[in-house]
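1. everything below, folded, please.
(chains A and B)
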Amino acid sequence: MLLITCPHCGPRAELEFAYAGEAHIARPTDPMALDDESWARFLYHRANPKGLHAERWRHLHGCAQFFNVVRDTVSDSIVTTYPAGQPRPALPGDDKGATR
Amino acid sequence: MPDLIQRQGALDRFAAAPRNIPAAALSVLPDSARLSFRGRPSAIDAAGAAFGVALPRDACRFAVKRGRTAFWLGPDEWLLQSEGEDPATLFADMSGKLAGQSCSLVDVSHRSQAFALSGPQAAYVLNHGCPLDLSLATFPVGMCTRTIYAKATIMLSRPASDIFHIDAWRSFAPYVWQLLDEARSELA
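-> Numbers count the residues shown, from 1 in each chain, chains lettered A, B, ... in the order given. Next up is the predicted model:
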């Protein structure tokens, strides 16, 4: 089982958490101004990188807060966690999901 | 005939005659008034003043004063518990004092059922269904947290080194109680 460090509660078992998709995807401020292609890109297109992936998790059975996790999709190891709203931290060897 | 309607405890049929296992004893805790408080940082001090117990700012800690307990559940969420008090009175008092603040206050007194697991093997029994490290170094006296027991969300707190309080939602309470009762069978 993964041990995930909640920014508020500290290390907890994966069992207490819920996954919530890729992080740092901002909803367009004016959706009506977008064409279908751009709207579909916002809704459905995700980076799906091989390597470091920034994603949202929620400490559902704990403090109930959303936060961000950088996880290696190859080894499933968690590199770092940080509160929601903060930018993705600079990490060595991180191409920030450049496959997108 | 509202006066004929009596609220029944979720654990009444188990708690009447619990097995006597001193290494891990199960007992139902008395009814309490419980309020769920969520608010902006500006409202936190006002809520503490209105409740009579300063809300703990440290993660996963609870504060007790004169039968009233404030449990930290999240950075903007606390559970305020007052033993043996009428929920309506407490709620009316608190919501009056918090008028105008950016916060929400909800009476959740009847949402959950609290019971205690106590004895030298209490942590061992809890770990049958709870993945937390319950050693005193990582889960000291005075700590509380929402966590999971088997499939049910519970609120776990530790008022003394060998006493745990478990707060489970009413419909989950028999499930959690029975699993704990089964887990402690080996100590009988």
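
2. so where's the chain shaky on pLDDT?
-> Since you didn't name a chain, this refers to chain A. For chain A, the stretches with pLDDT under 70 are A:96-100.

3. not what I meant, chain B
-> Looking at chain B by pLDDT under 70, you get B:1-4.

4. ranges for the helices of it?
-> B:12-15, B:41-51, B:87-97, B:122-126, B:173-183 (DSSP state H).

5. any chance of these in TSV, plus mean neighbour count and distance to chain A?
-> All C-beta atoms are positioned from the backbone trio N, CA, C, and that covers glycine. As requested, the helices of chain B are exported to TSV (neighbours: other C-beta atoms under 10 Å in any protein chain shown; distance: least, C-beta to the nearest C-beta, whole Å):
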stretch	mean neighbour count	distance to chain A
helix B:12-15	14	24
helix B:41-51	17	15
helix B:87-97	15	22
helix B:122-126	22	14
helix B:173-183	18	13
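
6. okay if I get those as a markdown table plus distance to B:Ala59?
-> Below are the helices of chain B laid out as a markdown table (distance: least, C-beta to C-beta, whole Å):
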| stretch | distance to B:Ala59 |
| --- | --- |
| helix B:12-15 | 32 |
| helix B:41-51 | 14 |
| helix B:87-97 | 23 |
| helix B:122-126 | 20 |
| helix B:173-183 | 24 |
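
7. so which of the ones you listed gets nearest A:Val74?
-> Smallest distance to A:Val74 across the helices of chain B (C-beta to C-beta): 35.4 Å, for helix B:122-126.

8. can you list the neighbours in contact with that closest one?
-> B:24, B:117, B:132, B:134-135, B:139, B:149, B:156, B:162-164, B:180, B:183-184, B:187 (C-beta atoms under 8 Å, 6 or more residues apart in numbering or on different chains).

9. now a PyMOL select for only the buried ones of those residues.
-> To isolate the buried members of the contacts of helix B:122-126 in PyMOL, using 16 or more other C-beta atoms under 10 Å in any protein chain shown:
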select buried, chain B and resi 24+117+132+134+139+149+156+162+163+164+180+183+184
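
10. now, among the contacts of helix B:122-126, which is nearest to chain A?
-> Using C-beta to the nearest C-beta, B:Leu132 is the member of those that lies nearest chain A, at 7.4 Å.

11. which parts of chain A are strands?
-> A:3-6, A:10-13, A:18-22, A:52-58, A:66-72, A:78-83 (DSSP state E).

12. actually chain B, not the one I wrote
-> Under DSSP E, chain B gives strands at B:25-28, B:32-39, B:62-65, B:68-74, B:77-83, B:103-107, B:112-118, B:144-149, B:152-160, B:163-169.

13. and the fifth one, what does it pack onto?
-> Spelled out, that is strand B:77-83. strand B:32-39, helix B:41-51, strand B:68-74 (3 or more C-beta pairs under 8 Å, 6 or more residues apart in numbering or on different chains; DSSP states H and E).

14. one step back: of all the strands of chain A, which lies closest to chain B?
-> Across the strands of chain A, closest to chain B is strand A:10-13 (C-beta to the nearest C-beta), at 3.7 Å.

15. please see if that closest one touches chain B.
-> Yes - Strand A:10-13 reaches chain B (C-beta under 8 Å from any C-beta of the partner chain) through A:10, A:12-13.

16. weed out the non-buried ones from those residues.
-> Using 16+ other C-beta under 10 Å, the buried ones in those are A:12-13.

17. next to chain B, which bits of chain A? Give me the list.
-> Residues of chain A lying near chain B by C-beta under 8 Å from any C-beta: A:1, A:8-10, A:12-13, A:15-16, A:61-65.

18. change it to 7 Å
-> Residues of chain A lying near chain B by C-beta under 7 Å from any C-beta of the partner chain: A:8-9, A:13, A:15-16, A:61-65.

19. specify the beta-bridge partners of the residue nearest the centre of chain A.
-> The centroid of chain A falls nearest to A:Glu55 when counting by C-alpha atoms, centre = their mean (1.1 Å). Beta-bridge partners for A:Glu55, by DSSP bridges, are A:Glu22, A:Val69.
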